[in-house]
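In: model this:
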Amino acid sequence: MDPFAALADPVRRSLLRALAAGPRRVVDLADGLPISRPAVSKHLRLLTEAGLVTAEDRGRERHYTLHREGLVPVTAYVDALVLPQPLTANALDALDTEVRRVGRDRRRTAPLEESA
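Out: Sure thing, here's the model as predicted:
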């Protein structure tokens, strides 16, 4: 499963939000969800296949962790859709300075060009 398909399900998105805070066990992730623990395990398996989650066995428990690098394709896609940030005050000040400099340079060279 690719990350985009994995993110399409609201349950999987809520699991990722919970894992963003840190590693969790299945029982902790299932608490508060309107689905069974086996269903949560199935969603976690799909998130693991998509490369968004990693699992680590600790004794008899399995702890799941968000694998942020798996979100790189999604982040790149969203970044490509977002318009560039508006110009900052510093950028506008620099533009103003450059316009004034070019204006001064043109005024200085204009009489030379007209007499030629």
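
In: which other helices and strands contact the helix or strand containing Asp96?
Out: Assessed by DSSP states H and E, Asp96 sits inside helix 89-115. Counting contacts by 3 or more Cβ pairs under 8 Å, 6 or more residues apart in numbering; DSSP states H and E, helix 89-115 packs against no other helix or strand. Yep, even glycine has a C-beta here, placed from its N, CA and C like the rest.

In: Break down this structure into its strands, ranges please.
Out: Taking DSSP state E as the test, the strands found in the chain are 24-25, 53-58, 61-66.

In: Need the residue closest to the centroid of this structure.
Out: With distances taken as Cα atoms, centre = their mean, Thr75 lies nearest the centre of the chain, 3.9 Å away.

In: which residues does that residue contact?
Out: With contacts taken as Cβ atoms under 8 Å, 6 or more residues apart in numbering, Thr75 has no neighbouring residues.

In: Begin at 10, not 1, for the rest of this chat.
Out: Fine by me, first position is 10 from now on; the one you just mentioned is Thr84.

In: Give me the pLDDT for it.
Out: For Thr84, the pLDDT comes out at 93.

In: With the one 5 residues further on instead?
Out: Note on Ala89: pLDDT of 86.
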